[in-house]
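[1] using only what follows, build the 3D model:
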Amino acid sequence: MRVVGAGSGLDLFVGYNFVTADRDQVFLLPPDMREWLAEDHVVWCVLDAVEQLDLGPFRAAYRANGQGAAAFDPGLMVALLLYAYSTGERSSRRIERRCVEDVACRVIAGGHRPDHATIARFRARHEDAVKGLFVQVLRLLGQAGMVRLNRVSLDGTKIAADASWSANRTQTQVEEMLAQAAAVDAAEDAVHGPARGDEAPPGMARRQERLSRLRAARDRLAAEEQARRDAQDAKVAAWQARKAAGNPRPGRRPNPDPPVGSRNGAPLRANTTDPDCRTMKAKHTLLPGYNAQAVVTDDQVVIGALLTQAPIDHGLLHPVLDTCRTQLRQAGIAPVLHTVLADAGYGSEADFTRGETDRLRLLIPLAKDTYRVRGADPDKGRDLRHLPATARAQRRLRHWKGRADYARRARTIEPVFGQIKTRQRLTRFSRRGLTACDSEWHLAAAAHNLLKLHTHRTR
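    Got it, this is the predicted structure:
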């Protein structure tokens, strides 16, 4: 750089020492992808884990004779999905974009660029195999000594479905929509005959899909209505049997007609976008979604995962624990559970009784509405503290050791849900249907465990 001295007539030459970007220079040697990321980056942990997984269920879906166009290797796609879910990317289009812009995704893909349709089809085609990744990753954590079963915590969280609240319809509304669709089809058949009238096949496919969802919603509402009627008939028959047996206080005569709709009298509704989802009570709101259950250790490792349609946690304690034992057994880990921590929504006399049979140390408080005075109705107003198994469970919880163990629950299961919903951004499923969302929930749990494995190795 040339600088003219003010008033001196001298020319000063100053040379700056800058590192410039020569973007026209090609690589002199082949690039090494291991130099692109730090050695302790999470992507290397994901790739090492995928190399140890059994990908046979994925490869079994492809032809082994070499015919047809080449498909992306299942190891590449599994690693891409696990890393994307661990970083909060679940959209196939955003994953495709990151294979171009993100260095870690480029390392996983080896420079390839799978499009969003390929990623979405792979995830949908291998639903069961993707769900099985949770057990295989859990096996890796067990081999690393990270699965300790002396004390586990159990809880559930509500995750929204890929459906709008405005898509909820009553049975009458669904039947009207189906009747309208049938009338439109009859009118078009009268005009066009066997021809469609337009030549866009995808439109008809999408229409048939919409009609199938409407029929599923109608059938679900009809089944729930029939179940309500059967339950009410059973109550009336039980009351009549008590009265015929000479019971001087048979209780209040039940209404022969079943209650209309929900508790507040509103008619039952089903979602026409995702008929499998249910109305869930979340914090300060209601949403169409699913109840995601998890069992975690003190080290925040998910050892059991289950997705249900139950709007509340009551009655799910032992089904979730049975699922957890099955998944531990599949991972090659002895399913020996001792202390189980859960919130008040899981407690009941039947659950405490079975817990004693299974030799479980259940630490579950009682909900406040169980402290009511015993009433005349045998189904209402009971004080569960006087029941034998419940009373023994509450004595265990009041002991200083029980209080100390139960205090661990807030530092184990709650942070896991927080990490899945914030770091992995799983507050809404990206797929529809119970089976698809169940596969996605297990994939998110497997990605969470991989992050724990990475943290364990770096430490």
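[2] report the beta-bridge partners for V295.
    For V295, the residues forming beta bridges with it (DSSP bridges) are L154, G304.
[3] could you report the neighbour count for it?
    Residues near V295, counting by other C-beta atoms under 10 Å, number 28. From N, CA and C alone the C-beta is placed, and that goes for glycine too.
[4] local confidence estimate at it?
    Predicted confidence (pLDDT) for V295: 97.
[5] correct me, but it touches T326?
    No. Using C-beta atoms under 8 Å, V295 makes no contact with T326, being 11.5 Å away.
[6] L76 against G111, yeah?
    No. In terms of C-beta under 8 Å, L76 does not count as a neighbour of G111; the distance is 10.9 Å.
[7] which of these two has more neighbours?
    Neighbours around L76 and G111, counted as other C-beta under 10 Å, are more numerous at L76. The numbers are 18 against 9.
[8] can you pull the contacts of that one?
    By C-beta atoms under 8 Å, 6 or more residues apart in numbering, the residues touching L76 are 108-110, 112, 114.
[9] and the spatially closest residue to V103 that is not a sequence neighbour, how far from D24?
    Nearest residue to V103, sequence neighbours excluded (C-beta to C-beta, 6 or more residues apart in numbering): W36, at 5.2 Å. Computed with C-beta to C-beta, to the nearest Å, the distance linking W36 and D24 is 21 Å.
[10] quick one: which of these two has more around it?
    W36 (13 against 5).
[11] so for the more buried one, what's the pLDDT?
    The model's pLDDT for W36 equals 87.
[12] got the phi and psi for it?
    phi -80, psi -30 (degrees, to the nearest 10).
[13] what about the strands in the stretch 101-250 of the chain?
    Ranges of strands within the stretch 101-250 of the chain are 151-160, 168-170, based on DSSP state E, counting those that start in this stretch.
[14] what's the first one packed up against?
    It refers to strand 151-160. Helices and strands touching strand 151-160, by 3 or more C-beta pairs under 8 Å, 6 or more residues apart in numbering; DSSP states H and E, are strand 278-282, strand 285-297, strand 302-308, helix 317-330, strand 339-341, helix 413-422.
[15] quick revisit: list buried residues within the contacts of L76.
    By neighbour count, with 16 or more other C-beta atoms under 10 Å, those hold 108-109, 114 as buried.
[16] could you list the domains of the chain?
    Per automatic domain parsing, the domain ranges recorded for the chain read 11-125, 148-163+276-458, 168-270.
[17] pick the most buried one from these.
    domain 148-163+276-458 (a mean of 18; mean count of other C-beta atoms under 10 Å).
[18] who touches the residue nearest to V103 in this structure?
    103, 106-107.
[19] distance check, N17 against D24.
    Distance from N17 to D24, by C-beta to C-beta: 22 Å.
[20] try H314
    In terms of C-beta to C-beta, H314 sits 68 Å off from D24.
[21] skipping adjacent residues, who's closest to V78 in space?
    V50 (5.5 Å).
[22] what about the one you found, helix or strand, and which?
    Assigned by DSSP states H and E, V50 belongs to helix 42-51.
[23] looking only at pLDDT, what's the mean for that helix?
    pLDDT averaged over helix 42-51 gives 94.
[24] so which elements touch that helix?
    Checked by 3+ C-beta pairs under 8 Å, 6+ apart, helix 42-51 has helix 74-86, helix 103-109, helix 434-458 packed alongside it.
[25] which strands or helices does the shortest one pack on?
    Translated: helix 103-109. Counting by 3+ C-beta pairs under 8 Å, 6+ apart, helix 103-109 packs on helix 42-51, helix 74-86, helix 92-101.
[26] and the contacts of that helix?
    So helix 103-109 is contacted by 33, 36-37, 41-43, 46-47, 76, 79-80, 83-84, 95, 98-100 (C-beta under 8 Å, 6+ apart).
[27] can you check stretch 388-398 too?
    347-349, 352-353, 355-356, 361-366, 384-385, 402-403, 406.
[28] helices - which of these land there?
    Within the contacts of stretch 388-398, residues falling in helices by DSSP state H are 349, 352-353, 355-356, 402-403, 406.
[29] taking the residues you listed together, which two end up most distant?
    T353 and R403 (23.0 Å; C-beta to C-beta).
[30] okay, the contacts of L76 in TSV with distance to V336 and pLDDT next?
    Output for the contacts of L76, formatted as TSV (distance: C-beta to C-beta, whole Å; pLDDT from 0 to 100):
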residue	distance to V336	pLDDT
I108	37	94
A109	41	92
G110	42	89
H112	44	91
P114	42	93
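[31] re earlier: can I get the strands of the stretch 101-250 of the chain in CSV including distance to L55?
    CSV is the format used below for the strands of the stretch 101-250 of the chain (distance: least, C-beta to C-beta, whole Å):
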stretch, distance to L55
strand 151-160, 28
strand 168-170, 40
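[32] mean pLDDT lowest where, among those?
    Minimum mean pLDDT among these: strand 168-170, a mean of 69.
[33] surely R408 and N150 touch.
    No. Using C-beta under 8 Å, R408 is not in contact with N150, being 11.0 Å away.
[34] list the residues that contact both of the two?
    With C-beta under 8 Å, 6+ apart as the test, R408 and N150 both reach D298.
[35] picking that back up, can you add distance to Q240 and give the contacts of L76 back as CSV?
    As requested, these are arranged in CSV below (distance: C-beta to C-beta, whole Å):
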residue, distance to Q240
I108, 67
A109, 69
G110, 73
H112, 71
P114, 65
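[36] of those, closest to L138?
    Nearest member of the contacts of L76 to L138, counting by C-beta to C-beta, is I108, at 21.7 Å.
[37] for S91, which non-adjacent residue is closest in space?
    In space, S91 is closest to S430, 6.7 Å off (C-beta to C-beta, 6+ apart).
[38] what's the answer for D351, then?
    Going by C-beta to C-beta, 6+ apart, D351 has L317 as its nearest residue, at 4.8 Å.
[39] was I right about that neighbour contacting G156?
    No. Between L317 and G156 there is no contact under C-beta under 8 Å: 10.4 Å.
[40] before we move on, back to that, lowest average pLDDT across the domains of the chain?
    Across these, the lowest-scoring stretch is domain 168-270, with a mean of 64.
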